[in-house]
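>>> my questions concern the predicted model and sequence given below.
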Amino acid sequence: MAIRRILIANRGEIALRVIRTCKKLGIETVLAASEADLDSLPAHLVDRTVCIGPGRSSESYLKVETIVQAALGVKAGAIHPGYGFLSERAALVRVCEQEGVTFIGPTAAQIEAVGDKLRARAEAEEAGVPTAPGGAVENVDEALVLGREIGPPLLIKAVGGGGGRGMKLVDRLEDLPSAMDMAAAEAGAAFGDARVYLERFVARGRHVEVQILGDGKGRIVHLGERDCSVQRRYQKLIEETPAPGLSAEFRRRIHHAAVQFTERLSYRSAGTVEFLVDLERDAFYFLEMNARIQVEHPVTEAVTGVDIVAEQIAIANGEGLHLQQQNVHRDGCAIECRINAEDPSRDFHPSPGRVRRAQWPSGEGIRVDTHVTSGARIPPFYDSLMAKIIVHAADRASALERMRWALAATHIEGVATNLAFHQEVLADPEFVQGGIDTSYLPRFLEKRRAVQEAHAHG
Amino acid sequence: MTLTAKDVAEILRLLESSSFDSLSLEMNGVKLNLQRGSATIAQETPVVAPASKTAAEAEPQAAPPPSRAAKPPSEAGLKDITSPLLGIFYRAPKPGEPPFVEIGAKVEKETVIGIIEVMKLMNSVRAGAHGELAEILAENGALVEYGEVLMRVRPSS
């Protein structure tokens, strides 16, 4: 049964991204949009829009039954969930299976296997993929025993957390009992699951992730890695591929680990395995797996020429993998900057509102994924991502130069953005050199604040 | 003095050529609220957001039109009954049974006028107004969207 019509259960740039590939493939699209998004660019470019509810996500984009009912109502054979919202909700996949609607993504069991962070850790161990020293702890006594064994600093992580949510850093063992109680209570409140586990905290770690595609029958192809170490409070800001400064051997090992992990799950669709790279120890540890398409997928598309959304659809359609590993070639360097409607001078406070003017760059090696045009509104209900500017060039230095030019050619009026902040980072010698770790951006912000204060008082 | 359609058109033109995004006018008991653009999100300017209230908590002031424009009402003063959910609309409690309401029926606010099915879960839709049923727009068994006009009521004064 070939997929002829897809319901897109998402909004913004990723909705537009899915529409673009569907048009190319000759597949009809229906946008499940909230009331706040009825006048958005995706709603204008899609074949049909259905209004699923009011602006607030909990009453629209997060309603499993409404989404499936919309797909059935418009006779869409498949649902593309994008990222965020219901993309990693096993319940949606189950209802889809019951109703005979194809879910463009992994199986419910696979989502559950990686959604429970402790189970994902165990899966990694079973697959022979390195994990950071640590493990499950049921109570404070167990935590103390394990904590002494690993040695501080330690991270207490929520089993139901992920993406930086539900974590606590403990510098001294004597602080472990109180931090553990607090972490369990917070995890219970935030995720409905009070279980926590301990892991060694790697202070100078880099965030490197590997993009994979799986046919659901045990065959996996990887599309190389991405370095996403430029993060503020676990929110990625700049992503690039290849990860700077890794040896060919290290790169091969980390790619192989991602393949091993997902092979064991017979993973279906596109997914990303995240690792913490500890270059001091020449080691990497499994962090978590994201069972969806990711925001930063375009950098991988730029260097490989693979349309990841098209591959997702082909896999969901039962066509299997079009690619063989030996046919995946990675060419040059790609960088992505996330342009957010947020104000760096006000601690990156979200800045929704009406965009009076939006001018995006274009030219050789420049790609812009955005739903924001002049006059568009940034509703206050959703994340502040306005656009992703992606550049591709032969090497990192040329890619950086191209990105500076692309950012300079971008003009946004009406809402505050982090455009100028990106330019500052791109001009910073440490970032330009490449290979920074996740502690880089907080240090950069601290330095910047000190300079600004000196100016204010001088 | 009252506002004529010509006056409103003139005001609209003035707003269009001005640098303002909205205009509120109140005179002789007539209230006019105008806003640029089609969507009407309450929080226009980010700088006025109080620190204690996050952006996500801000409520929209008015609903933008549904994605499918409804047929215009046949007479003035009719009140729309809009769909509270996306789902399949049924006019009768069960197949083969008579519809809940027909044109001309007297309805109260709590009168059930139809059912919306969302994945086998039945939700009743109420008239929300006191009066007489004047128009039926939604078809039995059809997919209706959130905010779509299902029926219209001629309110009783």
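Cool, got the structure. Small disclaimer: the values here were computed from a predicted structure and weren't measured.

>>> when you work out contacts or count neighbours from here on, use the C-alpha atoms and nothing else.
Fine.

>>> excluding chain neighbours, what is closest to A:I390?
Once its chain neighbours are removed from consideration, A:I390 has its nearest residue in A:E336; the separation is 4.3 Å (Cα to Cα, 6 or more residues apart in numbering or on different chains).

>>> let me fix that, I meant to ask about A:K157.
Here the nearest residue to A:K157 in space, its sequence neighbours aside, is A:M167; by Cα to Cα, 6+ apart that works out to 4.5 Å.

>>> surely the one you found meets A:A184?
No. In this structure A:M167 lies outside contact range of A:A184 using Cα atoms under 8 Å: 10.0 Å.

>>> show me how the chain divides into domains.
Unless you meant another one, I'm taking chain A. Listed by automatic domain parsing, the domain ranges of chain A are A:5-104, A:133-200, A:205-452.

>>> ah, I was thinking of chain B
Looking at automatic domain parsing, the domains of chain B come to B:5-44, B:79-155.

>>> now do the same end-to-end measure for the longest one.
Domain B:79-155 stretches 7 Å from its first residue to its last (Cα to Cα, to the nearest Å).

>>> list phi and psi for A:D347.
A:D347 adopts backbone torsions of phi 60, psi 40, taken as degrees, to the nearest 10.

>>> can you count the residues close to it?
9 (other Cα atoms under 10 Å in any protein chain shown).

>>> contacting residues for the residue of the stretch 101-250 of chain A found nearest chain B?
Closest approach between the stretch 101-250 of chain A and chain B, counting by Cα to the nearest Cα: A:V101, at 12.9 Å. Contact criterion Cα atoms under 8 Å, 6 or more residues apart in numbering or on different chains gives A:68, A:71-72, A:76-79 as the residues in contact with A:V101.

>>> who are the contact partners of the residue nearest the centre of chain A?
For chain A, the residue nearest the mean C-alpha position is A:Q294 (4.2 Å; Cα atoms, centre = their mean). With contacts defined as Cα under 8 Å, 6+ apart, the neighbours of A:Q294 are A:83, A:271-272.

>>> if we go to 10 Å?
Under the criterion of Cα atoms under 10 Å, 6 or more residues apart in numbering or on different chains, the contact partners of A:Q294 comprise A:14, A:82-84, A:211, A:270-272.

>>> ok, it to A:V273 distance?
Shown here: A:Q294 relative to A:V273, a distance of 11 Å by Cα to Cα.

>>> now do the buried residues in stretch A:32-48.
Across stretch A:32-48, burial judged by 16 or more other Cα atoms under 10 Å in any protein chain shown covers A:32-43, A:45-46, A:48.

>>> name the SS class of the residue nearest to A:I390, please.
Per DSSP: H, G, I helix; E, B strand; the rest coil, the local secondary structure of A:E336 is strand.

>>> could you list the buried residues of the helix or strand hosting the residue nearest to A:K157?
For A:M167, the host element (DSSP states H and E) is strand A:165-170. Residues of strand A:165-170 classed as buried: A:166-170 (neighbour count, 16+ other Cα under 10 Å).

>>> lowest pLDDT pick from those?
In terms of pLDDT, the weakest of the buried residues of strand A:165-170 is A:G166, which scores 79.

>>> my read: that residue touches A:A158, true?
Yes. Using Cα atoms under 10 Å, A:G166 is in contact with A:A158, at 5.1 Å.

>>> shared neighbours, those two?
Joint contacts of A:G166 and A:A158 (Cα under 10 Å, 6+ apart) are A:183-184, A:186-188, A:190-191, A:196.

>>> which two of those have the greatest separation?
A:A190 and A:V196 (12.5 Å; Cα to Cα).

>>> and these two? Which one has more around it.
Of the pair A:A190 and A:V196, A:V196 is the one with more neighbours under other Cα under 10 Å, namely 28 against 15.

>>> the nearest residue to that one once chain neighbours are set aside sits in which helix or strand?
Residue nearest to A:V196 in three dimensions, not counting chain neighbours: A:A158, with 4.4 Å by Cα to Cα, 6+ apart. With elements taken from DSSP H and E, the one containing A:A158 is strand A:154-162.

>>> quick one: that strand to strand A:165-170, angle?
Compare the direction of strand A:154-162 with that of strand A:165-170 by axes from the mean of the first three to the mean of the last three Cα atoms, to 10 degrees and you get 180 degrees.

>>> other SSEs contacting strand A:154-162?
Identification of packing neighbours for strand A:154-162 by 3 or more Cα pairs under 10 Å, 6 or more residues apart in numbering or on different chains; DSSP states H and E yields helix A:108-115, helix A:117-126, strand A:134-137, helix A:140-150, strand A:165-170, helix A:176-191, strand A:196-200, strand A:283-290.

>>> give me that answer again for 8 Å
helix A:117-126, strand A:165-170, helix A:176-191, strand A:196-200 (3 or more Cα pairs under 8 Å, 6 or more residues apart in numbering or on different chains; DSSP states H and E).

>>> deepest-packed of those, please.
strand A:196-200 (a mean of 24; mean count of other Cα atoms under 10 Å in any protein chain shown).

>>> before we move on, back to that, show me which of the contacts of A:Q294 neighbour chain B.
Judged by Cα under 8 Å from any Cα of the partner chain, the overlap between those and the neighbourhood of chain B is nil.

>>> now those as a markdown table including distance to A:A409, pLDDT and neighbour count?
What follows is those, written out as a markdown table (distance: Cα to Cα, whole Å; pLDDT from 0 to 100; neighbours: other Cα atoms under 10 Å in any protein chain shown):
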| residue | distance to A:A409 | pLDDT | neighbour count |
| --- | --- | --- | --- |
| A:I14 | 23 | 98 | 22 |
| A:G82 | 28 | 98 | 26 |
| A:Y83 | 28 | 97 | 19 |
| A:G84 | 30 | 95 | 16 |
| A:Q211 | 30 | 98 | 24 |
| A:A270 | 33 | 98 | 28 |
| A:G271 | 33 | 98 | 25 |
| A:T272 | 32 | 98 | 24 |
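
>>> can I get those in TSV with distance to A:I389 and secondary structure?
Below are these laid out as TSV (distance: Cα to Cα, whole Å; DSSP: H, G, I helix; E, B strand; the rest coil):
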residue	distance to A:I389	secondary structure
A:I14	13	helix
A:G82	18	coil
A:Y83	18	coil
A:G84	20	coil
A:Q211	19	strand
A:A270	22	strand
A:G271	22	strand
A:T272	21	strand
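
>>> which of those residues sits closest to chain B?
When those are compared for distance to chain B (Cα to the nearest Cα), A:G84 comes out closest, at 16.0 Å.

>>> still on that earlier bit, comparing the domains of chain B, which yields the minimum mean pLDDT?
Of all these, mean pLDDT reaches its minimum on domain B:5-44 (a mean of 54).

>>> need the contact list for the closest residue to A:S266 other than its chain neighbours.
On the basis of Cα to Cα, 6+ apart, the spatially nearest residue to A:S266 that is not a chain neighbour turns out to be A:G218, at 4.1 Å. The neighbours of A:G218, taking Cα under 8 Å, 6+ apart as the test, are A:263-267.
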